[in-house]
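Enquirer: Quick check, what structure comes out for this input:
(one chain, ligands or ions: 2)
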Amino acid sequence: CHRLSSSYVARMRYLFSLKEDEQVCRDALSSGTFYLFHSLRPLLQKKHSGYLAPKSNLVELKEMLDTLGGKEQKLEDSVLIGCSENLMPQFALDLGKELFLVISRRFEKPALESYLQGTFIELRKALFLLNGNVAPLLSKAQALLRWHDNNQYCSKTGQPTQKNIAGSKRICNANGIIYYPQMSPVVITLVSNGDWCLLARQETFPAGMYSALAGFCDIGETVEEAIYREVAEEVGLEVESLMYAGSQHWPFPNSSLMIACHATVRQGHTEINVNKFELENARWFSLEEVKEAFQHKRIPPERKDGTVPVWIPPKLAIARQLIEEWVQRQMVKESCATTPA
Ligand SMILES: NC(=O)c1ccc[n+]([C@@H]2O[C@H](COP(=O)([O-])OP(=O)(O)OC[C@H]3O[C@@H](n4cnc5c(N)ncnc54)[C@H](O)[C@@H]3O)[C@@H](O)[C@H]2O)c1
Ligand SMILES: [Mg+2]
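Expert: Ligands and ions are numbered 1, 2, ... in the order given. Predicted structure coming up:
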């Protein structure tokens, strides 16, 4: 049995067995908890303390499926998304798939929301409303549910693929090819040059928002090569040094693995040449300008001259972590410079 001491290792080993052993995972469906989605929107409930993502257990789900006319085996449409500290398997189930809608119109969003006393909210908005560690779990759940939805057929034989109980893979029954859920690696780089950092914006960004440089890795590229190429491509500069700063799963618009680095460029070669095919604008920002930009939480109101003040992506985005780290470093530098020896 997997009820070892709930150490991290025990949790990881239990998760591994859930992914690899169909029967262990089938059994876990009866003891696990379920986060519900409708067409990739997670269910949230508003409480006096704010929003939370309710978890259903098997009994509640069965009751709902009986009441609303679903079928029990649809539970196996669930995907495994994790396991809690006390080894409680966590699943996600999308009730808005065509399968359910065909069975009963009562699986339409409004009917379900009143039955479940909650609201299915677009993930980007939901992540703002939630706090703590449920946000990454819901992001992972949505990414996995979307991957299954988009990979119903084998790209080699055109035949239907079947998911395993955990949803950690899909298999083409015609030729046994195994498909695993994919994330696209994306490098995101904050280029800085002494007291300046480089921020950029695309036309598609909300008005006024500037961010760090980002780009998908090409196949066969290392992270370093992708950063050198993206910085050269987007702003015409040559990276001289890199420092890894962290990573993040980013589910918008699909599943990306953001790999974040700080970078410096060759001294004396800091003149930006913006690639207008990729960016609307890119420029060097002073510490003062960045601190001013941090004042704004979302799109700030337009100024009289019609321009929108610069603002930076919210905490949710690793771009902000990079920029905050740079600001911290600058402030330490400033305080050292002003502290009498
Ligand atoms: N979390 C954050 O802090 C943060 C900040 C900035 C950007 N991002 C994300 O990083 C991603 C990449 O940013 P970008 O748009 O500047 O990338 P980019 O500079 O590589 O330009 C996008 C282009 O890359 C090409 N491309 C190559 N591989 C791709 C793939 N696997 N999927 C989609 N397009 C691919 C397409 O032509 C696309 O138009 C975006 O999805 C964006 O949402 C996240
Ligand atoms: Mg880019």
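
Enquirer: For beta bridges, what are the partners of residue 261?
Expert: Legend: beta-bridge partners of residue 261 under DSSP bridges are residue 189, residue 244.

Enquirer: ok, it - contacts?
Expert: The contact partners of residue 261, taken as CB atoms under 8 Å, 6 or more residues apart in numbering, are 187-190, 223, 227, 242-245. Placement of C-beta: from N, CA and C, glycine included.

Enquirer: Against residue 321, how distant is it?
Expert: Per CB to CB, to the nearest Å, residue 261 is found 11 Å from residue 321.

Enquirer: Overlap of the contact sets of those two?
Expert: In contact with both residue 261 and residue 321: residue 245, using CB under 8 Å, 6+ apart.

Enquirer: Just the buried subset of the contacts of residue 261, written out for ChimeraX, thanks.
Expert: A single ChimeraX command selects the buried members of the contacts of residue 261 (16 or more other CB atoms under 10 Å):
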select :187,188,189,190,223,227,242,245
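
Enquirer: my read: residue 81 touches residue 143, true?
Expert: No - with contact defined as CB atoms under 8 Å, residue 81 does not reach residue 143; the gap is 9.5 Å.

Enquirer: Show me which of those two is the more surrounded one.
Expert: residue 81 (25 against 22; other CB atoms under 10 Å).

Enquirer: Domain map for the chain?
Expert: 2-174, 184-338 (automatic domain parsing).

Enquirer: Figure out which of those is closest to ligand 1.
Expert: Closest approach to ligand 1 among these (CB to the nearest ligand atom): domain 184-338, 3.2 Å.

Enquirer: right, is that closest one up against ligand 1?
Expert: Yes - judged by CB under 6 Å from any ligand atom, domain 184-338 comes into contact with ligand 1 at 184, 186, 188, 211, 214-216, 248, 250, 252, 256, 258, 278, 313, 317-319.

Enquirer: How far away from the center of its chain is that domain?
Expert: Put simply, domain 184-338 sits 18 Å off its chain's centre (CA atoms, centre = their mean, to the nearest Å).

Enquirer: tell me how far the ends of that domain are from each other?
Expert: One end of domain 184-338 to the other measures 44 Å (CA to CA, to the nearest Å).

Enquirer: Just the mean pLDDT for it, thanks.
Expert: Averaged over domain 184-338, pLDDT sits at 95.

Enquirer: what about residue 123, how many neighbours?
Expert: Residue 123 has 20 nearby residues by other CB under 10 Å.

Enquirer: Find the nearest non-adjacent residue to the residue most central in space within the chain, please.
Expert: What sits nearest the mean C-alpha location of the chain, by CA atoms, centre = their mean, is residue 250, with 2.8 Å. Leaving aside its chain neighbours, residue 250 sits nearest to residue 256 (4.5 Å; criterion: CB to CB, 6 or more residues apart in numbering).

Enquirer: quick one, phi/psi of that neighbour?
Expert: Dihedral angles of residue 256 (phi, psi; degrees, to the nearest 10) stand at phi -110, psi 150.

Enquirer: In this structure it contacts residue 185, no?
Expert: Yes - between residue 256 and residue 185 there is a contact at 7.4 Å, judged by CB under 8 Å.

Enquirer: Next, work out how far apart residue 261 and residue 117 are.
Expert: For residue 261 relative to residue 117 (CB to CB), the value is 44 Å.

Enquirer: got the residues of this structure near ligand 2?
Expert: 214-215 (CB under 5 Å from the ion).
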